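**Student:** The following block contains a protein sequence and its predicted model.
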Amino acid sequence: MKIFINNLIIWVNKNTTVLQACEVAGVNIPRFCYHEKLFIAGNCRMCLVEISNSPKAQAACALPLLPNMSIFTDSALVKKARENVVEFLLLNHPLDCPICDQGGECDLQEHSYHFGSDKGRFFFFKNSVIDSFWGILVKTVMRRCIVCTRCVRYSNLIGGVNDVGTINRGGQSEISIFVNTFLKTEISGGVIELCPVGWF
């Protein structure tokens, strides 16, 4: 199938998403929730791209390709959309990178440097989330969570347990585990490796 990425002609397989096509073309698309081994959630909105004849940016990880689709990854619309996403993610995120265990290796820190704004517009108290006990292998720092749901999908798909999920809605959303339960699977430590920020 022929598509256009930043006005370059690319040939890709039919059952491919826009994000996968961009990877084939060597174009780096930032993402938090997408992982090639997990099913697609499309909830972080960091992978937004511009599609010709579309009035707004689209999530590249969940968008299937169409023949002769024209995709733009560096337009002004895309840059502003990514800047807004980073701004909202940092809204309640503690800015404690120097003491964070993942400081220097954190996707959020890297994306905020490359795609974020140089100033913040929000001057009020951040939401605080209480840490929860997930088991002996996993220590959580919930106030750093950006609700990408990688851990939820990993626990469900790979670990085979449905004890982890999201609670509340909107700005109050958070990842939680059922009351009086913990991750009993022997591969529960994998959520630490999958987390794009330093909350495990």
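**Tutor:** Cool, got the structure.

**Student:** Pull the contacting residues for the residue lying closest to residue 122 once chain neighbours are set aside.
**Tutor:** Across the structure, with CB to CB, 6 or more residues apart in numbering as the measure, the residue nearest residue 122 apart from its sequence neighbours is residue 91 (5.7 Å). Quick note: C-beta positions are derived from backbone N, CA and C, even for glycine. Contact partners of residue 91, counting by CB atoms under 8 Å, 6 or more residues apart in numbering, are 122, 126, 171.

**Student:** Please apply the same query to residue 135.
**Tutor:** With CB under 8 Å, 6+ apart as the criterion, the residues that contact residue 135 are 182, 183, 184, 188.

**Student:** related to what we said a few turns ago, out of the contacts of residue 91, which are buried?
**Tutor:** Buried by 16 or more other CB atoms under 10 Å: nothing, out of the contacts of residue 91.

**Student:** Could you dump those residues into a markdown table with secondary structure added?
**Tutor:** Listed next are the contacts of residue 91 as a markdown table, based on DSSP: H, G, I helix; E, B strand; the rest coil:
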| residue | secondary structure |
| --- | --- |
| 122 | coil |
| 126 | coil |
| 171 | helix |
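
**Student:** got a markdown table for the residues you listed, with pLDDT and distance to residue 51 too?
**Tutor:** What follows is the contacts of residue 91, written out as a markdown table (pLDDT from 0 to 100; distance: CB to CB, whole Å):
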| residue | pLDDT | distance to residue 51 |
| --- | --- | --- |
| 122 | 77 | 30 |
| 126 | 79 | 34 |
| 171 | 78 | 28 |
